[in-house]
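1. fold the stuff below for me.
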Amino acid sequence: MAAEAVVDHGEKEQRKDETAIVVESRDGSLSSQSTTPPPRSSLLLTTIIGGLCLGTFLFGLDLNILGVAIPPITTEFRSLADVAWYGSAYMLTLTAFQPLFGNLYKLFNPKVVYLVSLSIFEVGSIVSATAPNSNALIAGRAILGLGASGLLQGALSIIGLVVEVDKVPLYIGIVVSSMGFSTCAGPVIGGAITEHIGWRKMVLLDWCSCPLDHLLLRGRLRIPVNQASRDLPIRDKIRQIDLLGLVIFLGAICCLLLALTWGGQAYRWSDGRIISLFVVFGVLMIGLMFWLVRQGEQALIPLRVLKNRSIYMSSITLVGYGVLSVVYGYYLPILFQSIQGVSTTQSGVRFIALIGPQIVTIVITGALVSQWGYYVPYAVAGGVICCIGSGFLTTVGLGTPTAEWAAYLVITGIGLGMAAQIPYTSLQAVLEPEDIPTGNAIAVFAFHLAGAVGTAIGQTLLISGLQTAVPHYTNGAVSPEMVIMAGATGLNAVAGGDAQLLESLRMAYGEAVRRTIILGLAGACIAVPASTGMKWLNIKRIAAERKGDGTKSSTEVASGV
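-> Predicted coordinates:
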C-alpha cells in the first residue's frame, strides 16, 4: 500500500478549500492528489456537470454517427475502399492517446487539458466537414479521435475533483447516461441530417455544440491543481508521459492497419510491401515490450498490471466485443441501405433495435451486480445471448422480414448490454486503487484497437466478397471494379434502370456484407470463453472491505467500485 502524508500548506491553503496529499509510489517517487468540496453554488455545479454532459454527449455521438453516412460519402468520393479508414483513423488516435491524456490530467491543470482536448475536437470536426476528398476526411477523423481521447477521461477526472466522494457515483451516472443517449440517438440524428441536409452538416454537428461547452466550462470552473506534479521539472514530466513508448505504439498500429487495409486489395498478400508492414509491426511490438520492461512503473503500460489474469482475460473479452460493435456500426448501415434499399434516416432508426436494448440492459445488469455482487455469470450469459443474436444476423438478406432482423438485433443488443461492460467491473475488483486508471487504459486500448482492426478486416472481406459475388450474380454484365467505384449507394446508377440487374447487384452486396457480419459473430465467440477466465469475485464484498479499511479513493468511486 502507498504511504500517505499530508503536506501542510497553512491557513492560506485551507481558505482555498484545497488539501494536497503526497503519495509515495511503488518506485519511491512522489506524486500528489488533490481533493476539494463541491462548489458552494448549486448553479455553478449544474453548469459544470452540464458542460461535462455536453462534452460526453459529443464523444458518444461521434462513436457511431458516421456509420449511417458512409454509403453517401463513398458515393461522393468514390471511396468504398476507404471505408475502413473512416473508422480506423478515428479509433486509432482515440485509443493510442488515452494513456497520454491520463498522464496529462495527472501532471497539468485538468481544466486546461480538458479545454485543449475540446479545441482539438473542434478542429477535427471542421476538417471533416470541409474535406474536399477522402484523404482529407480521414485526416479530420484522426484529429477528432485525438480530441475525443481526452473528453470522457477528463469528465471522470473533473467530477472526482469538484464534488465530494460520496456524491461522485451520482454525477458519474448523470454524465455517462448522456453518452448512452447520444450513442442511441446518433444513428437517427445522423441519418435524418444526412438525408435531408447532407453528410457535411451532420459531421459539423460536433462543432456546433463545442463552443457552448467552452462557454460553460471556461469562466468559473475551478479545479484543484496537483501541486507536486505541477512543480516537477519538464524533463520529469516528459519521462512520466513516456512519449517514446507512445510513438513506438503508434508506429506499430499504423503498420498493422495499413497491412490489413491494403492486403488483398491494393496489393496481394504476398506482396513485399504487405510483408514488410507485418515485419515492421512485429519488430516495433518487440521493441515496445523491451521498452516497457526498461521503463518499469514509468512505462506507458506497466507490465506488472498486464500479468494479472483478470486483466488479460478482460482485455481479450473486450477485443471480441470491440470487433463486433464497430463492425456492426459500420457495415449494418450498408446492409440496410445498399441491400434492402432503405433511406439513410430509416437506416438510423433501424439501428435503435440494437442500441436501445443494449442501454436498457446495461442499467439493469449494473443494478443486479450491485445487489448480488457477482459479475462473471452475467458476462458469460450475455456473451452466449450475443452469439445467438449474431448468428441469426448472418442470415439477414434482401428479403428478410422486418420482424426477423429486428428481433435478431434486439437479441444481440441484450447480450451486449449484459456482457460488454463487465470487464470494466472486473478491473475494479482485482486492482489496487492506484492501478485502476492503468487497468482502464488497457481496457480502452483493447476495445478500440479491436474495433480499428475489425473495420480494416471487414473492409477486406467486403471488397474481396464483391470481387467474387458481382460476377457470379450478374453473369459478368457488371465488373466488380465498377460496383466498388460507385460506392455503397450507387447501385441504381450502375444498374442504369434495369430492375433485374439492380436486384442481382443487391444480392451480390448481401453476399459480401454477410462476411463482415460473420466477423462480428467471430468476435462474440472469442469473448465468451475469455470471460470465463476472469476471476469470479464479489465486487460488493470487495468494495465493503476497501471502505472498511479506509482505502477507498475517489478514483475507485469514479470507476464504479
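
2. just the helices from the stretch 301-450 of the chain, written as ranges.
-> Counting by DSSP state H, counting those that start in this stretch, the stretch 301-450 of the chain has helices at residues 303-306, 309-334, 344-372, 376-393, 402-419, 422-430, 436-474.

3. deepest-packed of the ones you listed, please.
-> Ranked by average neighbour count under the criterion mean count of other Cβ atoms under 10 Å, the helices of the stretch 301-450 of the chain are headed by helix 309-334 at a mean of 25. All C-beta spots, glycine's among them, are computed from the backbone N, C-alpha and C.

4. average model confidence for that helix?
-> The pLDDT scores in helix 309-334 average 86.

5. just give me how far it sits from the chain centre.
-> From the chain centre to the centre of helix 309-334 is a distance of 10 Å (Cα atoms, centre = their mean, to the nearest Å).

6. and it, what does it pack onto?
-> On a contact count with 3 or more Cβ pairs under 8 Å, 6 or more residues apart in numbering; DSSP states H and E, helix 309-334 meets helix 70-77, helix 83-96, helix 344-372, helix 376-393, helix 402-419, helix 422-430, helix 436-474, helix 499-532.

7. so which residue is dead centre in the chain?
-> The residue lying closest to the centre of the chain (Cα atoms, centre = their mean) is H448, at 4.8 Å.

8. what residues does that one make contact with?
-> 91, 94-95, 322 (Cβ atoms under 8 Å, 6 or more residues apart in numbering).

9. circling back: out of the helices of the stretch 301-450 of the chain, flag the one nearest I238.
-> Closest of those to I238 is helix 436-474, at 18.4 Å (criterion: Cβ to Cβ).

10. show the pLDDT at the residue nearest to I422 when sequence neighbours are not counted.
-> For I422, ignoring the flanking residues on the chain, the nearest one in space by Cβ to Cβ, 6 or more residues apart in numbering is A379 at 3.9 Å. pLDDT recorded at A379 is 90.

11. ok, A379 to T365 distance?
-> Counting by Cβ to Cβ, to the nearest Å, the gap from A379 to T365 is 9 Å.

12. any shared contact partners between these two?
-> 418, 422.

13. show me what the helix or strand hosting L45 is packed up against.
-> According to DSSP states H and E, L45 maps onto helix 42-64. Under the contact criterion of 3+ Cβ pairs under 8 Å, 6+ apart, helix 42-64 touches helix 110-129, helix 134-148, helix 151-162, helix 168-196, helix 199-218.

14. mind showing which ranges of the stretch 1-150 of the chain have poor pLDDT?
-> Scanning the stretch 1-150 of the chain for pLDDT under 70 picks out 1-41, 63-64, 67-68, 81, 84.

15. how does it look with 50?
-> 1-40 (pLDDT under 50).

16. break the protein down into its structural domains.
-> Per automatic domain parsing, the structural domains of the chain span 3-35, 40-233, 243-299, 309-538+551-561.

17. give me the mean pLDDT for the third one.
-> Meaning domain 243-299. Taken as a whole, domain 243-299 has a mean pLDDT of 83.

18. end to end, how far does that domain reach?
-> This stretch, domain 243-299, spans 10 Å end to end (Cα to Cα, to the nearest Å).

19. give the residue spans of the stretch 351-500 of the chain that score low on pLDDT.
-> In the stretch 351-500 of the chain, no residues with pLDDT under 50.

20. circling back: if I look at the residue nearest to the centre of the chain, how far off is E297?
-> Taking Cβ to Cβ as the measure, H448 falls 24 Å from E297.

21. one step back: for the helices and strands packed on helix 309-334, give me JSON lines that also has distance to I274.
-> Converted to JSON lines, the helices and strands packed on helix 309-334 look like this (distance: least, Cβ to Cβ, whole Å):
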{"stretch": "helix 70-77", "distance to I274": "23"}
{"stretch": "helix 83-96", "distance to I274": "15"}
{"stretch": "helix 344-372", "distance to I274": "33"}
{"stretch": "helix 376-393", "distance to I274": "29"}
{"stretch": "helix 402-419", "distance to I274": "33"}
{"stretch": "helix 422-430", "distance to I274": "32"}
{"stretch": "helix 436-474", "distance to I274": "11"}
{"stretch": "helix 499-532", "distance to I274": "20"}
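
22. which one of those lies closest to L107?
-> With Cβ to Cβ as the measure, helix 436-474 is the member of the helices and strands packed on helix 309-334 nearest L107 (13.0 Å).

23. check which residues of the helix or strand where L288 lies are buried.
-> Using DSSP H and E, L288 sits in helix 272-295. Within helix 272-295, the residues that count as buried by 16 or more other Cβ atoms under 10 Å are 274, 277-278, 280-281, 284-285, 288, 291-292, 295.
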